[in-house]
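**Student:** model this:
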Amino acid sequence: MAERILVVEDDRAIVLGIEKNLRFEGFEVLVATDGEKGLSIAIDKQPDLIILDIMLPKMNGYEVCKTLRKHEIDIPIIFLSAKNQTIDKVMGLDLGGDDYISKPFRIDELLARVNATLRRKRLAARKLGSLEFGNVKLDVGGRVLRVKGKEVELSTREFMLLKYLAENEGVVLDRQSILNKVWGYDYYGTSRTIDNFVTKLRQKIEDDPENPRHLMTIRGVGYKFLLEPIGKKKPAAGKKAAPTRKPVPKSQSSKRKSQPSGRRSTGKSRRKPRSS
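**Tutor:** Model (predicted):
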């Protein structure tokens, strides 16, 4: 899956040059020419990186960055601006930007910074590793789901939902929190949207979607994800599970007690042989 980069820039000549070179490097490119549109795309599409101009129509780049970070959306941001004073760079980085490039710029420098920022992002994703439960393996960094060894296709939203639930394993998440985090704060859908996506995920990862063991419904609240189903916990490493004894029915127990052990008594006492 190609990494997705959002370019928010109102100068169409600059947009064309950046977009052409990013696509040549193998990236998927999204474009917005004003701040409000850029914010909307960032929340809805969740790109891997944002190249963000500062002097934008409708909402400036600082406000876009500030809004994203306020809502805990941690997409890496590279500021791109003609404002090259130190105070402007410091402000952009303090608001949550990851890098800052002043105009005019060389395209090879921009591509180098894009690749460096994405490398850091990939490294952070690798630290999350992969999640394994039952016959399922979710490669978080590679965004790949495998069930019984076979790759299963996930939409971007399905991946985000499963990842968010898995990152909060054992925690009950209400539907509004899930909507805000996965669909974005400006999404005006209903909780039924989440239910539909959970149903789709269950069909892909659960052995029995009608009786799920990992994606659990918490009635009246939301959902909870379990890596290890309740009652199926493995014994600690190096220890064997204690064997279980079947209870003996009372009737059999009383019979055993009534039966004497050893040889039957004949009622005659044995005499010791006389010594001659």
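
**Student:** burial check on the nearest residue to Ser102 once chain neighbours are set aside, number of neighbours?
**Tutor:** Spatial nearest neighbour of Ser102, excluding adjacent residues (CB to CB, 6 or more residues apart in numbering): Asn84 at 3.8 Å. Just so you know, the C-beta spots here come from the backbone N, C-alpha and C atoms, and that holds for glycine as well. Other residues within reach of Asn84, judged by other CB atoms under 10 Å, total 12.

**Student:** wait, isn't Asn84 in contact with Pro104?
**Tutor:** No: Asn84 is not in contact with Pro104 according to CB atoms under 8 Å; the separation is 9.9 Å.

**Student:** any weak-confidence spans in the protein?
**Tutor:** For the chain, applying pLDDT under 70 flags the ranges 1, 124-129, 185-186, 228-276.

**Student:** where do the helices sit along it?
**Tutor:** Under the criterion DSSP state H, helices of the chain are mapped to 12-24, 35-45, 61-70, 86-94, 107-128, 156-167, 175-178, 191-205, 250-258.

**Student:** residue nearest the centroid of the protein?
**Tutor:** In the chain, the centroid-proximal residue (CA atoms, centre = their mean) is Lys163; its distance is 1.6 Å.

**Student:** His214: which of the helices of the chain is closest?
**Tutor:** For these, proximity to His214 was assessed by CB to CB; helix 191-205 is nearest, at 6.6 Å.

**Student:** who does the closest one touch, helix- and strand-wise?
**Tutor:** strand 144-147, helix 156-167, helix 175-178, strand 215-218, strand 222-225 (3 or more CB pairs under 8 Å, 6 or more residues apart in numbering; DSSP states H and E).

**Student:** any idea which of those is most buried?
**Tutor:** strand 222-225 (a mean of 20; mean count of other CB atoms under 10 Å).

**Student:** mind listing what the residue lying closest to His214 once chain neighbours are set aside touches?
**Tutor:** Spatial nearest neighbour of His214, excluding adjacent residues (CB to CB, 6+ apart): Leu226 at 5.4 Å. Applying CB atoms under 8 Å, 6 or more residues apart in numbering, one finds that Leu226 lies in contact with 169-170, 213-214, 216.

**Student:** highest neighbour count among those?
**Tutor:** Neighbour counts for those (other CB under 10 Å) peak at His214, which has 22 neighbours.

**Student:** so who does it touch?
**Tutor:** 133-134, 136, 205-206, 225-227, 229.

**Student:** apply 10 Å and report the result again.
**Tutor:** By CB atoms under 10 Å, 6 or more residues apart in numbering, His214 lies in contact with 133-134, 136, 162, 165-166, 169, 201-202, 205-207, 224-229.

**Student:** burial measure for the residue lying closest to Gly17 once chain neighbours are set aside, as a count.
**Tutor:** Distance criterion CB to CB, 6+ apart; nearest residue to Gly17, sequence neighbours excluded, is Ile107 at 6.4 Å. Per other CB under 10 Å, the neighbour tally for Ile107 reads 13.

**Student:** next, format the helices of the chain as JSON lines and append distance to Met55.
**Tutor:** Converted to JSON lines, those look like this (distance: least, CB to CB, whole Å):
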{"stretch": "helix 12-24", "distance to Met55": "12"}
{"stretch": "helix 35-45", "distance to Met55": "10"}
{"stretch": "helix 61-70", "distance to Met55": "7"}
{"stretch": "helix 86-94", "distance to Met55": "10"}
{"stretch": "helix 107-128", "distance to Met55": "18"}
{"stretch": "helix 156-167", "distance to Met55": "30"}
{"stretch": "helix 175-178", "distance to Met55": "35"}
{"stretch": "helix 191-205", "distance to Met55": "36"}
{"stretch": "helix 250-258", "distance to Met55": "87"}
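
**Student:** which one, of those helices, ends up nearest to Ala2?
**Tutor:** Going by CB to CB, the one of these nearest Ala2 is helix 12-24, 9.4 Å.

**Student:** and that closest one with helix 107-128, angle?
**Tutor:** For helix 12-24 against helix 107-128, the angle by axes from the mean of the first three to the mean of the last three CA atoms, to 10 degrees is 50 degrees.
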